[in-house]
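# fold the following and give me the result.
(2 chains)
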Amino acid sequence: MTQHLVVVGGGMVAQRLVEALRDRDVSGAWRITVLAEEPRRPYDRVALTSYFSGRDAEDLALGDPALWDDPLVTLVRDDAVVTLDRTAKTVTTAHGRTEHYDHLVLATGSSAWVPPLEGADLPGVFVYRTVDDVAELRGYVERLSKDRVVKGAVLGGGLLGLEAAGALQALGARTTVLQVGTHLMSAQVDLGGGEALRRLINTLGVGVRLNAMTTRIRPHRRGGVGRLDLADGGRVDADVVVIAAGVRPRDELARASDLLIGERGGVVVDDTCLTSDPDISAVGEVACIQGACIGLVAPGYAMAEITVDRLLGGLSTFPGADTATKLKLSGVDVASFGDAFATTPGALEIVWADPVGGVYKKLVMSDDARTLLGGVLVGDASAYASLRPMLGRELPGDPAAFLLPEGGGGAPELELPDDAGVCSCNNVSAGTIREAVTEHGCTDLGAVKACTRAGTSCGSCLPLVKKLMTTELTKQGVAVSSALCEHFGLSRAQLYDAVRVSGLSSFTAVIERFGTGRGCDICRPTVASILSTTSPAHVLEGERAALQDTNDHVMANLQKDGSYSVVPRIPGGEVTPEGLIAIGSVAQEFGLYTKITGGQRIDLFGARIDQLPVIWRRLVDAGFESGHAYGKSLRTVKSCVGSTWCRFGVQDSVALAVMLELRYRGLRSPHKIKLGVSGCARECAEARGKDVGVIATDKGWNVYVGGNGGFTPRHAQLLAEDLDTDTLVRTIDRFLLYYVRTADRLQRTAPWIDDVEGGLAGVRSVVMDDSLGICADLDAQMDAHVEEYEDEWRATLEDPEKLRRFASFVNAPETPDPSLAYVPERGQSRPATADERAAALRGEPVLVAGTTLEVRS
Amino acid sequence: MTALDVAPAVSGTGSWTVLCRLSDLAPERGAAALLSDGTQVAVFRLRDERVFAVQQHDPFSDAYVISRGIVGSRRIDDVDVPTVASPMYKQVFALATGECLDVAGKTPTRGLPPDLRPWPVRVRDGFVEVVS
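Numbers count the residues shown, from 1 in each chain, chains lettered A, B, ... in the order given. Sure, this is the predicted structure:
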C-alpha cells in the first residue's frame, strides 16, 4: 500500500528530498505532498544575489520542473502549515487544508533574524532571505535612485551581509557594511582573513565599519528610513537598510507539538535525521543535528538523502557537516572550509599573508602538521578546489606549497613554520629543533633534548620533537632508527612481539637474545612493562626489581625533595566514611600533606621511603590496596554518581566504573591510562577527556577512545555506540591490550590511534571486527591479567625480603633521611625551600621540621 | 673483587669503614648509606659483584636520591661503562668515576658541579667498606 510522506516547507532541501525519493523509490511506495509557504516552486536561494544582476526569478528554478508533474508528487504553494497533530498524524494549513501523514518531514528552513531595534519596521528596512524580499528591495532602491544617489547600509558583515552589500552596490547604491564584531565574516574566517577581506571589500567601493553596534534606526523627514544611530555615538545616513544579522530556525510547529528542541533552537534530530518522534524527520536549516543548526545547503542536501535512504529501508547516517563556504561576490574571492578557526585540540595554523596584494591564506593542520583540518583563503581562493577534498587527509608534501602563489619561489622545507612553538615549557621553536639537527649535528632524541632543552621539563612534546628531528635527518639522508635505545635495535612494539612470541620471562634473557649491554633507564622499565603483561609477576620479583623506575620500585610517587606520595585505590571514586576516616588518620599520624586528586582519590605527600611499609600496613588493614598512581598503568576510572541517585542518570555509572577499575587495575601499559564513565549524555565524569570514556545511553553504552588532558588535550572519539555491558567490556579489553602491545614507549592512546594504520577506523576494525584475527588472543590475555592480579602492596608486606628495600640507610635502617625539612603552610606541611633551609642553618627563626615535626634547624 | 682500581684517589687520610654485608645490597640496584659525619653515600652492587659508591646527593635536583636510580650501561669507546640514571630528572652518571655523561638538558642547582663525587669502595670478607 502506498504510504504518504508530507513535507512541510518548499525550499532547496525539500526539493532535493522529493527529487531523491522519486529517483530511488522505483516501486512507488511513497506518495509525496509538499506544503510550501512561498508562492513559487523551490528555487535556488543560494543564488539570490544573482537576481540583482538582472536575472528573472524563474532563472533560479531548481532541477527538472517535470518533477512537479509526477503523479505521486503534490506541491501546494502559498499555504503555510499552522498546526501539527502528532496523535492524529495530521497537519493543517492556513487555508484549512488537512493532510494525514505516515511520515512527516520538517523542512521549514530558517527566517532572517531581526534584532529588536527601534525603527526596524520602517519602510526601507529589508531582510535578505526570499525572492520576494529581494524583489522588494530591488524595487525600492530603483525607485529612490531615479532622483539621487541612494545610500545603503547593511547590518551584519557575514556571508549574507556581504552578498547583500554587493547586491546594493550592483544597484548603484553607495553602501556601508556595519559589523558588530571585530572583523568581517567572523563565522568563517579569522581576524587576519577578515582584515584582508575588508580591504578587498573597500576596493569595491563598499565601506566597512567594524565594532559598529546599531542602537536604533531613525526615520527620514520625507518618510522611510533616514539614518542609523550607533552605540559609540556615531551615525550613518542610509536610505535603505538591509538587516543580515543572522537566521533563526523555523521550529514553531515542532515547539507547539512538543518535539525536542535544541538549546539554541532547531528541531533536535539524531544522525538518521529523526526527531524525538520516530514518524517525523527534520532536514536542512531547521534541524539541530549533532548539536547545531547548519545554515548551509550542502549538509541540508546530505540530510535529505539520508531521510530518503531511511524511508526506503536504508541504514545511512549523517557523516558530519561539510561547512565549507565560498563567498559568491564578484571580485572578492573568499573561501572557508573545515576547522577554519583551528578549534581542534592541538591544531596548527600555517598562514601566508600579502597585505599589498590583498591576499590572506591559512591552513589549519593537525598537531603533527600532516593532516589538513581546514583553511581560510581570502583574495585568492584558487587552491580551494584542490584543498577541500583533502580535508581530514594527509597533505602530500609541504602544506605551505599550497599557500604560495604559483611560481612564487620554492616552498619552505617543512610543514611547521620555524617560529612555531613546540616545547612551551622551555619555549623552543620548531626552527630551533631543526637547527639542532642541521647546525649542531644532533642525530638522536637525547642529543636534540640536550641541545635545545625541548622536552626536558614535562616531556609531552617529545613525539613532535622526534617527528621534526626525523624529518630533518631523513632530508640529510640519515636513516632514522626506531630503536628503543642503544641496547635494543627494536621499537617497543617490535620488542613486545619478540618477547611475547619467544616466551622469555626475564630481562637478562631478553637483552641477551634481542639486545646488547646491560640496559638503561629507558629499556629496563620498558621491558619490565612488557613482561608484566606477557609473563605476569610482582614488580619486585627477583630480577624484575632491578628494572623498575623508583616509583614502581617503592610503589609510591617520588616528589621533588626525595620523599614520596601515597595514593590508595578508591575505585570509581566511591569511598565509605570509614575509609575516609582511615585515610585521614594515617595522614594525621604521619604528618602527610593531603590533597584530593583529579582522579577522584586522595594523595598523601611527604612520606619517607622508610615510612612507606608502615603506612601501607595501616592502609591495607583498613581494606585499601595500591592505587598504581606511580605506574605507567591504569590510574583511575572516574565516574559521576549515575542513575542510583541522579535525577537525570540513565545507567549506573558508578557500578560500571568500579567494575572497570577492578578489572584493569595493575595493567601495565606504554603510558598511564585513565578511564571515565558518565551516567548520561550530560557527561559529568568528563569521560571524553579520558583514554577510554564510556557514556550511558537509553540503550546501553557509547564508548569513546583516545582522549587526554595535559599538554595536548584531546577529546576522545566515538568507537562504538549502544553496546551492552558485556560487549562494552570486551571492546575495552581489546582496545587496551592492542594499545599495550603496539604503542610506542610513553605514547598515549590519542597519538597511538593516529599512528595505527587507518587511524580510528583501523582500531575499530581490529577490536570490533577482528580484522587481524587476534581478538581471541587479546581476550585470553586480559582474562589472564584479571585472574592473576594481586595487590602489590599486600604482597610486599608479606615478604620480609622485599621490605628490606625500604630502609632509609643500609647501615642505619631506622634513621630518617636528615636532609628532609618541612615548613607549615595553610595548616599542613610542605618541603622547605633552599632559602628556608639556608636561613634555618644560619640560626634564623624559620620553622623547619622533619616529616615527624621534630625541629631540625 | 674491588672497584678501588677504577675509583680516583680521594684527598684526606680516611680509613676503611664497614657499611653493610654485600648480601644486604640487591643486585643491579643501589642503596643509601649514612657515614658518621652525616654524609650520604649511594652504594651499588652489579650482577657481576662489582661494587661502586658515589655521592647520594643529586646536584641537578638538590635531593638525596642517586641510590634510587636505574643501573645500566653506556657504550663509550667500545666499553660498556656502568651507569646510574638519576630518578629525578634522568641525568646519567658513570658509576666508577661519578662523571655526568648526560645532563638531559638541565644544569645543576646552586652552581654545583654536574659530576658526582666517587668513593673508594671494596668488599672484604663479604662486607662492603668505604673510605670515610
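
# quick one: the strands in the stretch 401-550 of chain A?
Taking DSSP state E, counting those that start in this stretch to define them, one finds strands in the stretch 401-550 of chain A at A:421-423, A:428-429.

# close to chain B, is the shortest one?
Yep, that's strand A:428-429 we're talking about. No. If you take CB under 8 Å from any CB of the partner chain as the test, strand A:428-429 misses chain B, and the best it gets is 9.9 Å. Bear in mind the C-beta positions are built from the backbone N, C-alpha and C, glycine included.

# so what are the sheet partners of that strand and their directions?
Note on strand A:428-429: by DSSP bridges, its sheet partners are strand A:421-423 (antiparallel).

# now do the same contact list for the closest residue to A:Gly631 other than its chain neighbours.
Excluding the flanking residues, the one nearest A:Gly631 by CB to CB, 6 or more residues apart in numbering or on different chains is A:Asp552, at 5.8 Å. If you count contacts by CB atoms under 8 Å, 6 or more residues apart in numbering or on different chains, A:Asp552 has them with A:Pro525, A:Ala528, A:Val539, A:Tyr630, A:Gly631.

# report pLDDT for A:Asp552.
pLDDT recorded at A:Asp552 is 96.

# helix or strand for it, which one?
Per DSSP states H and E: A:Asp552 is located in helix A:550-554.

# which helices and strands does the helix or strand following that helix pack with?
Using DSSP H and E, the helix or strand that follows helix A:550-554 in sequence is strand A:557-558. Here strand A:557-558 touches helix A:550-554, strand A:564-566, going by 3 or more CB pairs under 8 Å, 6 or more residues apart in numbering or on different chains; DSSP states H and E.

# who does the last one pair up with?
Using DSSP bridges, the strands paired with strand A:564-566 in its sheet are strand A:557-558 (antiparallel), strand A:602-607 (antiparallel).

# quick check, A:Val154 in a strand?
Yes. Assessed with DSSP: H, G, I helix; E, B strand; the rest coil, A:Val154 lies in a strand.

# test my guess that it contacts A:Ala238.
No. The criterion here is CB atoms under 8 Å, and A:Val154 misses it with A:Ala238 at 9.2 Å.

# returning to that earlier point: dump the strands of the stretch 401-550 of chain A to TSV, plus mean pLDDT and mean neighbour count.
As requested, the strands of the stretch 401-550 of chain A are exported to TSV (pLDDT from 0 to 100; neighbours: other CB atoms under 10 Å in any protein chain shown):
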stretch	mean pLDDT	mean neighbour count
strand A:421-423	69	21
strand A:428-429	81	21
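
# any idea which of those strands gets closest to A:Trp113?
For those, the distance to A:Trp113 is smallest for strand A:421-423, at 40.0 Å, taking CB to CB.

# tell me which residue of the chain is furthest from the middle?
Went with chain A since none was named. A:Asp147 (56.1 Å; CA atoms, centre = their mean).

# not quite, I wanted chain B
Chain B, farthest from centre, CA atoms, centre = their mean: B:Asp78 at 22.0 Å.

# coming back round to it: which of A:Val154 and A:Ala238 has more residues huddled nearby?
Comparing A:Val154 with A:Ala238 by other CB atoms under 10 Å in any protein chain shown, the one with more neighbours is A:Val154, at 33 against 29.

# quick one: the helices in the stretch 701-850 of chain A?
Assigned by DSSP state H, counting those that start in this stretch, the helices in the stretch 701-850 of chain A fall at A:725-742, A:749-755, A:759-767, A:775-788, A:792-797, A:800-803, A:834-841.

# how distant is the fifth one from the center of its chain?
On the basis of CA atoms, centre = their mean, to the nearest Å, helix A:792-797 is displaced by 41 Å from the centre of the chain it belongs to.

# quick revisit: would you turn the helices of the stretch 701-850 of chain A into JSON lines with distance to chain B and mean neighbour count?
Below are the helices of the stretch 701-850 of chain A laid out as JSON lines (distance: least, CB to the nearest CB, whole Å; neighbours: other CB atoms under 10 Å in any protein chain shown):
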{"stretch": "helix A:725-742", "distance to chain B": "21", "mean neighbour count": "20"}
{"stretch": "helix A:749-755", "distance to chain B": "21", "mean neighbour count": "22"}
{"stretch": "helix A:759-767", "distance to chain B": "31", "mean neighbour count": "18"}
{"stretch": "helix A:775-788", "distance to chain B": "24", "mean neighbour count": "15"}
{"stretch": "helix A:792-797", "distance to chain B": "14", "mean neighbour count": "20"}
{"stretch": "helix A:800-803", "distance to chain B": "9", "mean neighbour count": "13"}
{"stretch": "helix A:834-841", "distance to chain B": "7", "mean neighbour count": "15"}
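
# which stretch among those approaches A:Thr534 most closely?
Proximity to A:Thr534, assessed across the helices of the stretch 701-850 of chain A by CB to CB, is greatest for helix A:775-788 (8.4 Å).

# output the contacting helices and strands for that closest one.
helix A:725-742, helix A:759-767.

# could you tell me the angle between the longest one and helix A:759-767?
Read that as helix A:725-742. Following axes from the mean of the first three to the mean of the last three CA atoms, to 10 degrees, one obtains 110 degrees for the angle between helix A:725-742 and helix A:759-767.

# which residue is nearest the middle of the chain?
Just going to use chain A. Closest-to-mean residue, chain A, CA atoms, centre = their mean: A:His715 / 4.5 Å.

# chain B was what I was after
Centre-most residue of chain B, counting by CA atoms, centre = their mean: B:Val54, 2.7 Å.

# would you check how far apart that one and chain A are?
Using CB to the nearest CB, to the nearest Å, B:Val54 is found at 14 Å from chain A.

# A strand includes that residue, no?
Yes. Counting by three-state DSSP, B:Val54 is found in a strand.

# got any ranges where chain B has weak pLDDT?
For chain B, applying pLDDT under 70 flags the ranges B:1-13.

# of the strands paired with strand A:564-566, which approaches B:Val43 most closely?
strand A:557-558 (19.4 Å).

# list the residues that contact both of A:Val154 and A:Ala238?
With CB under 8 Å, 6+ apart, A:Val154 and A:Ala238 have common neighbours A:Thr176.

# related to what we said a few turns ago, list the contacts for the residue nearest to the centre of chain A?
Per CB under 8 Å, 6+ apart, neighbours of A:His715: A:Pro345, A:Arg688, A:Gly689, A:Tyr704, A:Gly707.

# need those residues in CSV (columns: neighbour count and pLDDT).
What follows is those, written out as CSV (neighbours: other CB atoms under 10 Å in any protein chain shown; pLDDT from 0 to 100):
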residue, neighbour count, pLDDT
A:Pro345, 15, 86
A:Arg688, 20, 95
A:Gly689, 21, 95
A:Tyr704, 22, 96
A:Gly707, 25, 94
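
# cool, thanks, talk later.
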